[in-house]
Every structure is written in structure tokens, then in C-alpha cells.
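> Sequence first, predicted coordinates after that:
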Protein chains: 2
Amino acid sequence: MSNLAENQIKTDSLMTKSQFEQRLRDIGAQRYHDNCKFHHLLHSGKLNKGQVQAWAINRYYYQINISIKDSALMSRIKDPSLRRIWIKRILDHDGRKGDEGGIERWYKLTDGLNLDREYIKSTNGVLPATKFAVDAYVNFVKEKSLLEGVTSSLTELFAPKIHKERIVGMLENYDFINDITMAYFKKRVDQATDDADFVLDYALKNAKTREEQESVCSALKFKTDVLWVMQDALYHSYINGHIPPGAFLPEDFDDRYIED
Amino acid sequence: MSNLAENQIKTDSLMTKSQFEQRLRDIGAQRYHDNCKFHHLLHSGKLNKGQVQAWAINRYYYQINISIKDSALMSRIKDPSLRRIWIKRILDHDGRKGDEGGIERWYKLTDGLNLDREYIKSTNGVLPATKFAVDAYVNFVKEKSLLEGVTSSLTELFAPKIHKERIVGMLENYDFINDITMAYFKKRVDQATDDADFVLDYALKNAKTREEQESVCSALKFKTDVLWVMQDALYHSYINGHIPPGAFLPEDFDDRYIED
């Protein structure tokens, strides 16, 4: 799909907004982490509790770095009106009056999975690959152009679908998952939709040369790599059983669950 | 082994030099990437040519970033006599009069594996996990203390053994490997031994508090994570066959080789 689109568009001329949007959607279709097998196992109830715990522990490292990433990005935004919009993301995760925020809701999930909060907060059990990938994301928004930093969030275009699948699939398939533990994702469906609409519009308006359009495509690809690496590391460690030294070792870790 | 050593040493008092050295050697014994299955497959002739190519392509990304890492580290060294010693590492990789250098020797390997040099130099086929891990290493020496930056090289203590195994094993087991393609590793056996002796001595002399000793242990652990993540990503992608979008796809890639 993407190859076809690329072939149809001359490589040196500005894409129309509709061609550009299609390129971005093609990148998502090919590279978004809903293509990873781990998600299908997660949503269809094929994981044991220890594997779901490993997912929640690793994803936590991503969650707590989102506001750090967004703060770094805001420190580079000169336009107060853009900062005023972007700050919503930090408030969504860190909380505001009347809303505990996404990080607190994540603890509902880890609590529900019987994980010790101090252990979660220590991030000691997080896979090194997860840390490297998430840290790369934080560094990306520090080092790349503002356009690239903003549009690396374009993965949100593809998030609501996976969140909806996750809510339905996990509630149905795991007896240790309920409405309270899934609160994070229920809230994110609407938040991510609003955020994604804004960023797509921003990309279409602010990428004014082909080079800038390509840089947006690269930023989106980079971000899909971050999410993909996290999934691959979980799969290799907790499905195929190659848990690296120092990483979370589930209580119910058992060779019977290992495919390899 | 490490747990035992840790239990024997009070957590708040300075370790003796010999206890400290043993802790470092225990970390290597547990966490150095010669524990990864990928290496055993590589050395024992169990990989096909495409899998060896994938290893050489990914490891190339590490090779070209070593001098960048060492330059970043040197930019933080205030003592000219330490810079004078450290610069040898950059010359070893980039070359000097009468010595083409390690990066050029790496091309001998990739040439011998029939990989196009322009493709290698583009780093396009490198796994995202490799890039995140290596970039994390470069950032580590920029952001951490000088003591941690220097001692993250302590993995060299464990390198000569794996290099020797690799040279013998690969020459014996692959008809596409010969003395010319293995030139990089032949040279590294002596270089890494000299470098490691210096860094171990530096660690023993310059870590003067228990906190500093612990920071050196953490730096070594961090570096073992970098190398381990690279091996795990190769294994997941090219042994178990989960090659991510955009990464190197071997010509002879064939489901028959896949364990999964």
C-alpha cells in the first residue's frame, strides 16, 4: 500500500494534503504496533497473569515518560497558543482538579494485577529494551525539529481502535480484569481521538515543503518503531521465555507457557 | 554468585579493591552477552548466511558509534593525560598512519558477506532496537558522571574470550568466513585486553566511596544491557523470524530456518 502510494507521488514535489494524509495512514497501517502478535495474544485472553503483569510493568515506563516528553517538547515551543493546547496532554497524564490523571489510573491496573506499587514505581523490573526505546522517544523531541517532535504523536491516529479492542477483549477474557482496572484505556479513547485530530491538522498545515512532509513521515515511523520494539521485547522475553537478567520474573513463570 | 557477594558485603561500607573487582567480574559472568543464545548459534555454525549478515549489519551500527561515544566522553575529560590515553580508542576504530582502523576492517567482514557497502553505510536495515540501545550508550556517556562514562567500557574485560571463540568458531564453521573477513576481531583481542586493564585499574583507583563503587557497577550493568538488547533483537528477528518493518530482509530468508 505504502509502496504504491510512494510510487505514484514524485519524490521531489509537494504532496497534496490528501496524498500526505494517505501516506501517514499507510505508515500506520503497516507499522503501528497493532500488527504485533503480542497484542493479539493480550486481547484474546491467550496470556497468563504473569505475562499481563509484564506488559503493565513495561508500559508503565512509557506512561511516566509521556509528560516528561511533552514537557521537553513544550520547552521548545515559542508560541503560547500552541503550548496552551499541548499542556492538556500533561494534565491528562499527571491529573488536574477533579481528575486523578492517567498515571494514577495506570496504578489501578497494576493494583488490580496484584503488583506492588513501590516495585512498579522503582521501574526495576522494566526490560532494558523498553527503557532504551522510551528514552529514545524523549530524546527525539529534544533533538529533532519542533515539527518532528509534535508529529511523532501521530500514532494517536491509530490508538483509539486498539484501545477499544483492548477494553472489550481484556474484560471478556481475563477474570482479573474489570472496569476499574481498565479505567485508563476507557478515558484514553476520547482523549487520543481529540489529540490525534489536532496533530494531523497541525502536520497538514505546517509541513510546507516536501522535505518537511518527509520529516513528518520519518517522525511517525520513528514513533511506530518505539512502540514496536516494546512489543517485540515483551514477546521475546515473556512469550518465548528469554527474560534478561534483572527483569521482572512472574511468580507463575513456568516453562509450560513457553512456545519456543 | 553476585547475590552471594552482595550478601557478604555490607551495603554501606567501602568494598576492598578485591571485593569490588569480584563484584564487577560477577556482573560480567551473569550479564555479559556471551550468555545469549545467539552467540552460541553464531560461533557453532548454526546460522545461515542471511543471519550472519543481519548480525554484521546490526553490529556495524555499534562500531560506527564507538568513536562518537569516545569523542563525547573525551569532551568531558579535563585531564590531558587521561585524554591522551583515551584517544587511542578513537584511533583504533577510525585508523591512523599505517593502520586502516576497526571500521574499515568491519567493511572487510561485510564485503566478505556480499553486503553492499552503500547499504551498510546507510544503516537503513539496522533494527530499531539496535539503534535505541546504541544511542542510549552514546547518551549515557554524555549525561552520567565521568567515572560512569569511563567504566561503562568495563565490558571489555569479558570481550577477548568471546572474540577468540568467535574467530575459531566462525573460521571453522562457515565457508564464507576467512582470515580477511575476521581481521577486525583478530586485532581486537589485544586492543580490548589493553583497554580493559586500564579501565579496571581506573575504576579501582577512582571509585573512592561505596556510592561511587555502586555507580561503577551500575555503569557496567547498563553496558551489558546495551549488548544484551542487541543480541535479543537479532534472535527475535532473525532466529524466530519476527523481522520488523523496514529492517534488513535476507535474500535467503526462508521459513524453514525459523524455529518459532
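Alright, I've got the coordinates.
> alpha carbons only for contacts and neighbour counts from here, please
Fine.
> tell me the average confidence for stretch A:65-72?
The pLDDT scores in stretch A:65-72 average 98.
> List the buried residues of it.
Burial within stretch A:65-72, assessed by neighbour count using 16 or more other CA atoms under 10 Å in any protein chain shown, is assigned to A:65-67, A:69-72.
> Show only the entries of the residues you listed found in helices.
Within those, residues falling in helices by DSSP state H are A:65-67, A:69-72.
> Keep the residues you listed, but drop any that are not near chain B.
With respect to chain B, and counting by CA under 8 Å from any CA of the partner chain, no part of these is in contact.
> Adding distance to A:Leu42, write the residues you listed out as CSV.
Conversion of those to CSV gives the following (distance: CA to CA, whole Å):
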residue, distance to A:Leu42
A:Asn65, 23
A:Ile66, 23
A:Ser67, 26
A:Lys69, 27
A:Asp70, 28
A:Ser71, 31
A:Ala72, 32
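> buried set for the host helix or strand of A:Gln231?
A:Gln231 is part of helix A:210-234, with elements assigned from DSSP states H and E. Neighbour-count burial for helix A:210-234, with 16+ other CA under 10 Å as criterion, is recorded at A:210, A:212-234.
> What residues does the stretch 101-250 of chain A have near chain B?
Within the stretch 101-250 of chain A, the positions lying close to chain B (CA under 8 Å from any CA) are A:128-129, A:132-133, A:135-136, A:225-226, A:228-229, A:232-233, A:236, A:244-245.
> who's in contact with the helix or strand hosting A:Val189?
Under DSSP H and E, the secondary-structure element containing A:Val189 is helix A:183-206. Residues lying outside helix A:183-206 but in contact with it, judged by CA atoms under 8 Å, 6 or more residues apart in numbering or on different chains, are A:17, A:20-21, A:102, A:105-106, A:108-109, A:147, A:150-151, A:153-157, A:159-160, A:163-164, A:167, A:213, A:216.
> Which of those fall in helices?
Using DSSP H, A:17, A:20-21, A:102, A:105-106, A:108-109, A:147, A:150-151, A:159-160, A:163-164, A:167, A:213, A:216 are the members of the contacts of helix A:183-206 that sit in helices.
> Filter those down to the buried ones.
With neighbours counted using 16+ other CA under 10 Å, these contain these buried positions: A:20-21, A:102, A:105-106, A:108-109, A:147, A:150-151, A:159-160, A:163, A:167, A:213, A:216.
> Return the member of those nearest to A:His43.
The shortest approach to A:His43 among those belongs to A:Ile167, at 8.1 Å (CA to CA).
> so the closest one touches A:Met182, yeah?
Yes. Counting by CA atoms under 8 Å, A:Ile167 sits close enough to A:Met182 to count as a contact (6.6 Å).
> any idea of the mean pLDDT for the helix or strand hosting A:His39?
In this assignment (DSSP H and E), A:His39 forms part of helix A:37-43. Taken as a whole, helix A:37-43 has a mean pLDDT of 92.
> contacting residues for A:Glu104?
Neighbouring residues of A:Glu104 by CA under 8 Å, 6+ apart: A:Asp94.
> quick one, what contacts the residue lying closest to A:Leu220 once chain neighbours are set aside?
If the residues on either side of it in the chain are set aside, A:Leu220 comes closest to A:Ser152, at 5.0 Å by CA to CA, 6 or more residues apart in numbering or on different chains. Remark: with contacts taken as CA under 8 Å, 6+ apart, A:Ser152 is in contact with A:216, A:219-220, A:222-223.
> Quick check: the gap between the residue nearest to A:His163 when sequence neighbours are not counted and chain B.
Setting aside the residues directly before and after it, A:His163 is nearest to A:Phe185 in space (CA to CA, 6+ apart), at 5.9 Å. Using CA to the nearest CA, to the nearest Å, one obtains 26 Å as the distance from A:Phe185 to chain B.
> now swap in A:Phe176 and tell me
Computed as CA to the nearest CA, the A:Phe176 to chain B distance reads 29 Å.
> Repeat that for A:Val199.
The value you get for A:Val199 to chain B, if CA to the nearest CA is used, is 24 Å.
> Distance of that residue relative to A:Ile177?
Using CA to CA, to the nearest Å, one obtains 32 Å as the distance from A:Val199 to A:Ile177.
> ok, those two, which is more surrounded?
Applying other CA atoms under 10 Å in any protein chain shown to A:Val199 and A:Ile177 shows that A:Val199 carries more neighbours, namely 21 against 17.
> Mind pulling the model confidence for that one?
Spelled out, the predicted local distance difference test score at A:Val199 is 97.
> May I have the residues that are in contact with the residue most central in space within chain A?
Against the mean C-alpha coordinate of chain A, by CA atoms, centre = their mean, the closest residue is A:Leu227 at 5.5 Å. Under the criterion of CA under 8 Å, 6+ apart, the contact list for A:Leu227 reads A:32-33, A:133.
> so how far is chain B from A:Asn65?
As for A:Asn65, its distance to chain B is 15 Å (criterion: CA to the nearest CA).
> That residue and A:Val134 touch, don't they?
Yes. In this structure A:Asn65 lies within contact range of A:Val134 using CA under 8 Å: 7.3 Å.
> A:Tyr184: how many residues sit nearby?
There are 22 residues near A:Tyr184, going by other CA under 10 Å.
> Which residue, other than its chain neighbours, is closest to it?
Excluding the flanking residues, the one nearest A:Tyr184 by CA to CA, 6+ apart is A:Arg105, at 5.1 Å.
> The one you found: what's it in contact with?
Listed by CA under 8 Å, 6+ apart, the contact partners of A:Arg105 are A:181, A:183-184.
> swap the cut-off to 10 Å and go again
Contacts here follow CA atoms under 10 Å, 6 or more residues apart in numbering or on different chains; on that basis A:Arg105 touches A:93-95, A:99, A:111, A:180-185, A:187.
> Please apply the same query to A:Pro250.
A:48-54, A:238.
> got the phi/psi numbers for it?
The main-chain torsion angles of A:Pro250 are listed as degrees, to the nearest 10 and equal phi -60, psi 150.
> One more: A:Asp99?
phi -140, psi 120.
> Find me the pLDDT at it, would you?
93.
> residues near A:Gln51, how many?
Residues contacting A:Gln51 under the criterion other CA under 10 Å number 23.
> Point to the helix or strand of chain A where mean pLDDT is at its lowest.
The helix or strand with the lowest mean pLDDT-type score in chain A, counting by mean pLDDT, DSSP states H and E, is helix A:2-8 (a mean of 50).
> For A:Lys78, which three-state class applies?
Here A:Lys78 is recorded as coil under DSSP: H, G, I helix; E, B strand; the rest coil.
> any idea how far it lies from chain B?
If you measure A:Lys78 against chain B using CA to the nearest CA, the figure is 26 Å.
> go on, A:Thr16?
Distance from A:Thr16 to chain B, by CA to the nearest CA: 25 Å.
> thinking again about what came up before, turn the contacts of A:Leu227 into CSV, columns for neighbour count and pLDDT.
Shown next, in CSV, are the contacts of A:Leu227 (neighbours: other CA atoms under 10 Å in any protein chain shown; pLDDT from 0 to 100):
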residue, neighbour count, pLDDT
A:Tyr32, 26, 93
A:His33, 24, 89
A:Ala133, 27, 98
